[in-house]
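Enquirer: Next comes the sequence, and after it the predicted model I'd like to discuss.
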Amino acid sequence: MANKELIALKNVQKAYFDQQVLKTITLTINQGDFISIIGKSGAGKTTLLNVLGLLDNYDAGNYEIDANPVNDLKRHHIAKIRNETFGYIFQMYHLISGMSVKENVIVPAMYKKDTSRKEAMKKAEALLKKFNMFAHVDKDISKLSGGEMQRVALSRALINSPDIILADEPTGNLDKENAETILGHLKTLNDSGKTIILVTHNEEVASMAKRHLVLEEGVLVDA
Ligand SMILES: Nc1ncnc2c1ncn2[C@@H]1O[C@H](COP(=O)(O)OP(=O)(O)OP(=O)(O)O)[C@@H](O)[C@H]1O
Ligand SMILES: [Mg+2]
């Protein structure tokens with residue numbers, strides 16, 4: 001039996017002023033997929049991830065999540081999906097300096113009404129331990145290396161147990177060893193049933209995925 005369909009984009013378009021970045025994006029994402037999206041700098045990869053993750057809107061086309069058109073969903077429902085269905089690993093980490101490692105990791109959990117700070121801290125510590133960051137839990141985020149920051153970003157992305165992980169150049173600033181560590185974690189997550197969308201300009205990194213797409217001229221094509 002085919003895996004459940006999670007997301008369907010049909011002819012989705014997005015422009016910034018007169019620059020048509022996404023022209024006709026048609027994409028179906030099923031549960032358990034591990035998709036890489038490769039494309040040149042400026043091709044619109046981050047823009048596409050932001051649209052997919054409901055962090056940014058689109059101009060035209062259809063976007064359905066769990067068979068619900070996104071345009072029909074109420075704002076609070078979209079906020080819940082953004083916080084609980086998706087886990088984001090941003091291109092520039094977007095970690096908050098002046099806060100400790102574990103405080104950064106619990107941020108998405110604090111938007112959930114039913115999670116106490118104590119519970120969230122416990123979960124954050126377990127994730128940080130899993131990613132070999134336990135020694136750093138109380139450090140200020142600005143004191144970490146790039147590879148360490150990326151593992152904090154991964155822990156934060158997972159704190160609400162999202163079904164779908166959107167990873168934007170998760171290895172872009174890392175050396176080979178750290179890159180392999182992060183990719184290994186993504187693969188393990190996919191093996192455990194998580195759906196992963198991995199954006200990169202690196203073909204070797206993209207080859208980790210099970211399905212390979214190229215974003216070119218505002219259109220997704222099979223690699
Ligand atoms: N908020 C914005 N306002 C105006 N233009 C934008 C905005 N965000 C992105 N763009 C433009 O849209 C295009 C696509 O940008 P995007 O960040 O999606 O590319 P990318 O494929 O992720 O590139 P990179 O590989 O360098 O990260 C670029 O030309 C960029 O300048
Ligand atoms: Mg980008």
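Expert: That came in fine, so what should we check first? Numbers count the residues shown, from 1 in each chain. Ligands and ions are numbered 1, 2, ... in the order given.

Enquirer: Next, count neighbours for the nearest residue to residue 195 once chain neighbours are set aside.
Expert: Excluding the flanking residues, the one nearest residue 195 by CB to CB, 6 or more residues apart in numbering is residue 164, at 4.6 Å. No exception for glycine: its C-beta is placed from N, CA and C like everyone else's. Neighbour count of residue 164, defined by other CB atoms under 10 Å: 21.

Enquirer: okay but residue 164 is in contact with residue 193, surely?
Expert: No - at 11.1 Å, residue 164 does not count as touching residue 193 under the criterion of CB atoms under 8 Å.

Enquirer: List the beta-bridge partners for the residue nearest the centre of the chain.
Expert: Centroid-nearest residue in the chain, with CA atoms, centre = their mean: residue 166, separated by 1.8 Å. For residue 166, the beta-bridge partners are residue 88, residue 197 (DSSP bridges).

Enquirer: Could you tell me the per-residue confidence at the residue nearest to residue 195?
Expert: Looking at residue 164, its pLDDT reads 98.

Enquirer: Okay, it and residue 200: tell me how far apart.
Expert: 17 Å (CB to CB, to the nearest Å).

Enquirer: repeat for residue 53
Expert: Residue 53 sits at a distance of 16 Å from residue 200 (criterion: CB to CB).

Enquirer: Counting neighbours, go ahead and name the busier of those two.
Expert: Each of residue 53 and residue 200 has its neighbours counted (other CB under 10 Å); residue 200 has more, 24 against 20.

Enquirer: close enough to count as contact, residue 38 and residue 220?
Expert: No - contact criterion CB under 8 Å: residue 38 and residue 220 do not qualify, at 10.3 Å.

Enquirer: Show me whatever sits in contact with both of these two.
Expert: Residues touching both residue 38 and residue 220 (CB atoms under 8 Å, 6 or more residues apart in numbering): 213-214.

Enquirer: Pull up the residues of this protein that are close to ligand 2.
Expert: Selection of the chain residues close to ligand 2 by CB under 5 Å from the ion yields 45-46, 91.

Enquirer: rerun at 8 Å
Expert: 41, 45-47, 49, 91, 168-169, 199 (CB under 8 Å from the ion).

Enquirer: Among those, name the buried ones.
Expert: 45-47, 49, 168-169, 199 (16 or more other CB atoms under 10 Å).

Enquirer: Run through the helices of this protein in chain order.
Expert: Assigned by DSSP state H, the helices in the chain fall at 45-52, 75-84, 101-110, 117-130, 146-158, 176-191, 203-206.
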